[in-house]
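Enquirer: My questions concern the predicted model and sequence given below.
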Amino acid sequence: MFILMVIIFVLGYTAIALEHPLRVDKAATALLLGMLMWVVYILGSQEILTMVNSAGEFVSSAWGEYVKGNPAAAGSHEEMRSFISHEEVLKHLAEISEILFFLLGAMTIVEIVDQHQGFKTITDRISATNKVKLLWIISILTFFMSAVLDNLTTTIVMIALLRKLIDDKETKWFFASMVVVSANAGGAWTPIGDVTTIMLWIGGQVTAWNIMVMVFIPSIITILVPLLILTFTMKGAVTRPVIQEEANVISSRQQLGILIMGVGALLFVPVFKTYTHLPPYMGMLFGLSILWATTEILHRWHDPKKLRMSGIGDADAEVILEGTQKLTVIKILTRVDVPTVLFFLGILSAVAALQSAGQLGILANFLDEKLGNIYLINIAIGLLSSIIDNVPLVAGAMGMYPVAEAGATGYAANFMVDGTFWEFLAYCAGTGGSILIIGSAAGVAAMGMEKIDFIWYVKKISLLALLGYLAGAGAYYLQMAVLEHV
């Protein structure tokens, strides 16, 4: 059963990658994969949870911790099933739910701003149609936005903008894919830009200022290398979509106000988390609730009686009322991409099963034993994060290596607070996921929103992302070499 879980995982990911040839929606495949992994896990619980490594420790570290507190549970099949269904499933459900509610909140806020034509104030100012020039503008804007927001939210916002700027599907795919690369690179160098850096920051492995200073140069190089290559290889101009003009039911000032409120709600999330220490999704939903209430109040004057009193004709009043109905959050919620949310649920559930059962822990230990070099280990983790979600990989690394005490020397010094291992882990785990579109939350969101084909991404983007990733890793290594000799 232990090996069967890995086989099912590989087959499931292959089916997701071959979505278009198989003609099975990836959300359906991901859900089936996620649920099937837990079914196999609990049916094989007696075999899986009794497995021990060469040191005599349980392969499932989660089960090992549980047994420490409940020694009598070690040989009980009933306790094993209870552990999986009442401990692990609920624990991972809580973690996954935070991501899903965060995603739902962010997507709804972006959709509210979009439906109120808030992004029009930005797209009207981006006049470039040359592909290279536009790509530089979008990529650099994404890079710095994701440092302030986070890579997932930034990707959702930027793809909403791209829909207003580019008409051709494949060109839009290319720009959306570069948004993913840029968002992951921008999120790696700040403590709030990516889930993994948040984990390392909260866990005490890194400090905010140090991670920004030490990882900025590798991160910016990660995006500059693909951009420089594309500057010499990409040609032509983009075709803007023909957007059907609808009757304006709100003024340009109100459009700008909704845009400012929407972006403000997104920017508020890290502030909310810092001061309240509550999960980020609560800050996102708090911002959504304020924006929702504001739009309800804003459209109050579109009441039929008030329109008649203001002297507006019946025909015009009907157009305004119809337009207003489309702007209500209740209607906007029907436009939110639910299949993308379900896709996330399936993928994250599958990875959680591997983490709980112990396969990811074995992988982490294998890297440590076979490579034995902090740079090689982290580069490998980054490459693996293009296939497996980077969150459990980073969590596994944090569990493998305790933070060394201040003043440690030799190899142990790499694991002190702000040590080389943790800094480089933040870079590699944050940017390595760009190599495949399913390797990061930003990539999965883009794939769901624009229906980007997995094989197309491999052919068009993966090599560019890999070159950028390796160039950034080399830049970090040179940076450390220079600092050691200063």
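Expert: In hand now; what should we look at?

Enquirer: shaky segments in the stretch 51-200 of the chain?
Expert: When residues are selected by pLDDT under 70, those of the stretch 51-200 of the chain lie in 55.

Enquirer: Would you map the helices across it?
Expert: Remark: helices assigned in the stretch 51-200 of the chain by DSSP state H, counting those that start in this stretch are 61-69, 77-82, 89-115, 120-123, 131-148, 151-165, 169-187, 195-203.

Enquirer: Who are the packing partners of the third one?
Expert: To tie it back to what came earlier, the one meant is helix 89-115. Packed against helix 89-115 by the contact rule (3 or more C-beta pairs under 8 Å, 6 or more residues apart in numbering; DSSP states H and E) you find helix 151-165, helix 252-276, helix 280-298, helix 329-333, helix 338-357, helix 441-450. (Each C-beta comes from the backbone N, C-alpha and C, glycine too.)

Enquirer: looking at these, which is closest to Tyr13?
Expert: helix 338-357 (8.5 Å; C-beta to C-beta).

Enquirer: Can you spell out which helices and strands pack onto the closest one?
Expert: helix 2-17, helix 26-43, helix 89-115, helix 359-371, helix 390-400, helix 441-450.

Enquirer: can I assume Leu224 sits in a helix?
Expert: Yes. Applying DSSP: H, G, I helix; E, B strand; the rest coil, one finds Leu224 inside a helix.

Enquirer: What are the neighbouring residues in contact with the residue lying closest to it once chain neighbours are set aside?
Expert: Leaving out its chain neighbours, the residue that sits closest to Leu224 by C-beta to C-beta, 6 or more residues apart in numbering is Gly468, at 7.7 Å. Residues near Gly468 by C-beta atoms under 8 Å, 6 or more residues apart in numbering: Val181, Ala185, Ile221, Thr222, Ile223, Leu224, Val225, Pro226, Thr431, Ser434.

Enquirer: If any of the residues you listed are buried, put those into a PyMOL selection.
Expert: The PyMOL command for the buried members of the contacts of Gly468 (criterion: 16 or more other C-beta atoms under 10 Å) is given here:
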select buried, resi 181+185+221+222+223+224+225+226+431+434
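
Enquirer: Highest mean neighbour count out of the helices and strands packed on helix 338-357?
Expert: helix 441-450 (a mean of 26; mean count of other C-beta atoms under 10 Å).

Enquirer: quick one: that one to helix 131-148, angle?
Expert: 130 degrees (axes from the mean of the first three to the mean of the last three C-alpha atoms, to 10 degrees).

Enquirer: Excluding sequence neighbours, find me the nearest residue to Tyr457.
Expert: Using C-beta to C-beta, 6+ apart, the closest residue to Tyr457 is Ile437 (4.3 Å).

Enquirer: Please report phi then psi for the one you found.
Expert: phi -70, psi -20 (degrees, to the nearest 10).

Enquirer: How about the contacts made by it?
Expert: Ser177, Val180, Gly443, Val444, Ala446, Met447, Ile452, Phe454, Tyr457, Ile461.

Enquirer: now it: how far from Ala404?
Expert: 36 Å (C-beta to C-beta, to the nearest Å).

Enquirer: In PDB, could you pull the C-alpha coordinates for stretch 90-102?
Expert: Extracted in PDB, the C-alpha atoms of stretch 90-102 (Å, rounded to 0.1, in the frame of the first residue of the first chain):
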ATOM      1  CA  LEU A  90      -8.800  17.100  10.100                       C
ATOM      2  CA  LYS A  91      -5.300  18.700  10.600                       C
ATOM      3  CA  HIS A  92      -4.600  18.800   6.800                       C
ATOM      4  CA  LEU A  93      -8.200  19.900   6.100                       C
ATOM      5  CA  ALA A  94      -7.600  22.900   8.300                       C
ATOM      6  CA  GLU A  95      -4.400  23.800   6.400                       C
ATOM      7  CA  ILE A  96      -6.000  23.200   3.000                       C
ATOM      8  CA  SER A  97      -9.100  25.100   3.900                       C
ATOM      9  CA  GLU A  98      -7.000  28.200   4.800                       C
ATOM     10  CA  ILE A  99      -5.600  28.200   1.300                       C
ATOM     11  CA  LEU A 100      -9.000  27.600  -0.400                       C
ATOM     12  CA  PHE A 101     -10.700  30.300   1.600                       C
ATOM     13  CA  PHE A 102      -7.800  32.600   0.800                       C
END
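
Enquirer: If anything else comes up later, I'll come back, but that's it for now.
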